[in-house]
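J.: curious how this folds, go ahead:
(3 chains)
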Amino acid sequence: MKPMFGVVVQPGTTRDQKKTGWRIYRPRFKQKDCIGCLDCLRSCPDGAVYQIDKKKFDSDMDACKGCGVCADLCPVDDIDMELEEQQ
Amino acid sequence: MEAAGPDVIIANATGCLEVFTTRFPRSSWQVPWIHSLFENPASVASGIEVALKALGREDEAKVIAQAGDGGTADIGMGAFSGMLERGHNILYVCYDNEAYSNTGFQRSGLTPKDALTTTSPAGPTSWGNLTRKKDLPAIVAAHGAAYIATSSVGYPVDITRKVKKALTFTGPKYLQIHCPCVPGWGIESAISVRMARYAINSGLYPIFEMEYGKITKVRKIKKEDLVGVEEYLKPQKRFAHLYKYPGGEEHIKAIQAAADANIEKYGLLAE
Amino acid sequence: MRRILEGSQAVAESVAMCRPKVVCAYPITPQTHIVEGLARLVAEGRLDAQYVLVEAEFSAASVVLGASATGARAYTATSSQGLLLMTEVIFNIAGMRLPVVMTVANRAVSAPINIWNDQQDSMSLRDCGWIQMYAEDIQEACDMHIQAFTIAEELNIPVMVCMDGYILTHAMEPVEVPEQEHVDAYLPPFKPKFYLTPKDPITLGSMAGPDAYMEIRLLLHQSMQRASFTIREEANRFEEAFGRSYGDLLGSYRAEDAELLLVSMGSLLGTMKDAVDELRDGGHPVGIVKVRTVRPFPRTQLHDALADARIVGVIEKDISLGLEGILCSEIRSAFCGAARTPNISSFVVGLGGRDVTVDNIKDIALGLLSDDTCRVEVAGIDHEVLWSAHSEEE
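T.: From the prediction side, this is the model:
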């Protein structure tokens, strides 16, 4: 269905908005001691964390808001939060 | 959402979820989604459900209503009760962050006792919220709902499982999900999920399932995960006054006693 | 087929012929007989619809909102306090462009609590974005509902059909009940322009910030202005199909060459017509302009209909407290900047079910003919009651 009367809005159109500007810190996945517990992936509020390999994860910087939940939960301290580089 | 699949229609209440995801002309929702007002998602969902029936489209989609704790337990309580009583085939999800967070963290009926909110501030003459948290699952159970569950963002897999399970029941279903509000609770965003887990693992927020009025399953706290309530209270600014004013320790004791009572009542401790 | 029916029953049968798929209402006097009638029609299997029993008017309006958004033709009915309780949803239904049809059995608003007729309830909601139409008699109320669904669905604007409580809802009159096949031919099944379905997901009810809110409201305002054409077209199409006409946005009665034109809406017009007949018999040049549609407001048409009169008296059953009759203010606006303006006076009558007689109307008319000074009057006051109700000296 097309946009109509200003009340019908197209689905899934927020994707093209990047959240990069929200971050103060960004997660760095060290990909060293990971045990593949999936906690970071499942608990990311923005669904930004993605799996590369069984014990290798990273975060999509277009979606990540830098909240730090993944780093806080990581049981083996394999995620660091680093200050976002000033643009 | 992932658990419910694409064949759903969602009726949403006013709140952060709606404000953040649907700012015109964009929308985050890839499923059919409607927001009407703060207090009526239960009634709007009822209308959707009967319309699907009337049009012979009931197999087309499952109907889900979503609201916050204030929209559910307070202002939308009448509409919610009506939906339950009429027996609509709807899954109602309440995101419980224990206050009116979208408007700046004011007290709701699901704010726990002694929590500070902007309308229940703490001071030398007040311990914050003076009343205990409304037992909403029990109220829903009294309506004879088919399936009732509590869950938490602390354990997303648990949410997914319960949404899937809820949708196998016909009739009204209720899922109450405990969600920390970072600014409202006064915590760092990084520890929000950990706080949600402490709420469960201290016994303060029992996680259970009820089918047709009977508790069928509880989330057991593993011995190594068990924490005292202070682990949960201390990092949160909304409880900071309990550590500031004399007599606070009595309140902390009472909160611990409430947690212990939950552990006893629901049998939360793993053997 | 001509049958003697109570107004509410006649309306219930007319609504049923429009084949709504979802009917949802909460009972309130004097709307009850309409929704009871519909409940019976569903129970008897004569209307194939979901009839939803809700816990309040707020939910009744919310249920029809959800049903309409899902693509079902949806109907509700209310009155007075019930309408006011619905208010938030009423605005929402219009803002979301959902073609719901609602009957308002007009009744006074509390306090003091009063279950009798006036038009304060719906007139207080004239800015909510619904088309508002007022029926003069039971036959018009029935026919107006059939037109209301076509207008609403054509424009995606909800329509409120207002009929005077008791005077129309509870009166027995001979009513021409149309054949179902004729209604089906006039009003085809609802084909929603948009609706909620996983097959083509859309987002409804999104937030619009300062950057877009005004534009979306403007779209509704423009559609509402265009509604005048649709209402006129439907009035014509209805006349062709059923042979009955009540005017389009306006109607008139013995208005030609009238020096004094009385304006009103709803069932009061019947009494006024009798008064005008007697006045004309006595040689007084008095006529009537009937307002059928309050929103969209027929400003230009009203100007043209009234411009040649020397005096205009707007007689209505509502009041904007601290100002005057609501319709009168709006009629004044039709003459803003006009070359010639009749002397326009406001008469508030019949609040809370106070009887309005032919003599009351004649008194107003003769008074205006002898003194055309613009004025605001609350007419038909019992001064003894007034004094006893307020005896203390200030």
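
J.: let me know the helix or strand that C:S14 is in.
T.: Element membership for C:S14 (DSSP states H and E) is helix C:7-17.

J.: ok, C:V183 touching C:V15?
T.: No - the criterion here is Cβ atoms under 8 Å, and C:V183 misses it with C:V15 at 10.5 Å. Placement of C-beta: from N, CA and C, glycine included.

J.: between these two, which one's more packed in?
T.: For C:V183 versus C:V15, neighbours defined as other Cβ atoms under 10 Å in any protein chain shown are more numerous around C:V15 (28 against 19).

J.: and the more buried one, what's its pLDDT?
T.: According to the per-residue confidence, C:V15 scores 98 in pLDDT.

J.: biggest helix in chain C by residues?
T.: Counting by DSSP state H, the longest helix found in chain C is helix C:213-242.

J.: that one: what's the following helix or strand?
T.: By DSSP H and E, the next helix or strand past helix C:213-242 is strand C:250-253.

J.: could you list the contact residues of the stretch 51-200 of chain B toward chain A?
T.: B:V153, B:P156, B:V157, B:V182, B:E188, B:S189, B:A190, B:I191, B:S192, B:V193, B:R194 (Cβ under 8 Å from any Cβ of the partner chain).

J.: hmm, which two among those residues are most spread apart?
T.: B:V157 and B:E188 (23.8 Å; Cβ to Cβ).

J.: could I get the full set of strands for the stretch 201-350 of chain C?
T.: C:203-204, C:250-253, C:260-264, C:286-291, C:293-295, C:311-316, C:343-348 (DSSP state E, counting those that start in this stretch).

J.: do the same with chain B
T.: B:8-12, B:33-35, B:62-68, B:90-96, B:122-123, B:126-127, B:147-152, B:173-178, B:208-211, B:214-218 (DSSP state E).

J.: would the third one count as contacting chain C?
T.: No - Strand B:62-68 lies apart from chain C when judged by Cβ under 8 Å from any Cβ; the minimum separation is 8.9 Å.

J.: chain B is nearest to which of the strands of the stretch 201-350 of chain C?
T.: Closest approach to chain B among the strands of the stretch 201-350 of chain C (Cβ to the nearest Cβ): strand C:203-204, 3.8 Å.

J.: which residues does that closest one contact?
T.: A:7-11, B:22, B:27, B:29, B:32-35, C:69, C:96, C:194, C:196 (Cβ atoms under 8 Å, 6 or more residues apart in numbering or on different chains).

J.: switch to 10 Å and redo it
T.: By Cβ atoms under 10 Å, 6 or more residues apart in numbering or on different chains, the residues outside strand C:203-204 that reach it are A:7-14, B:10-12, B:18, B:21-22, B:24-36, B:44, C:65, C:69, C:96-98, C:194-196.

J.: find the closest residue to chain B in chain A.
T.: Counting by Cβ to the nearest Cβ, chain A gets nearest chain B through A:G68, at 3.0 Å.

J.: chain C: which of the residues of the stretch 51-200 of chain B next to chain A is nearest?
T.: Using Cβ to the nearest Cβ, these come closest to chain C at B:V182, 20.9 Å.

J.: hmm, C:I167 and C:G270 touching each other?
T.: Yes - here C:G270 reaches C:I167: they are 8.7 Å apart, a contact under Cβ atoms under 10 Å.

J.: what is in contact with those two at once?
T.: C:D137.

J.: more neighbours, the two?
T.: C:I167 (24 against 15).

J.: tell me the contacts of the more buried one?
T.: By Cβ under 10 Å, 6+ apart, the neighbours of C:I167 are C:7, C:30, C:105-106, C:116-117, C:137-138, C:266-268, C:270-271, C:350, C:353, C:356.
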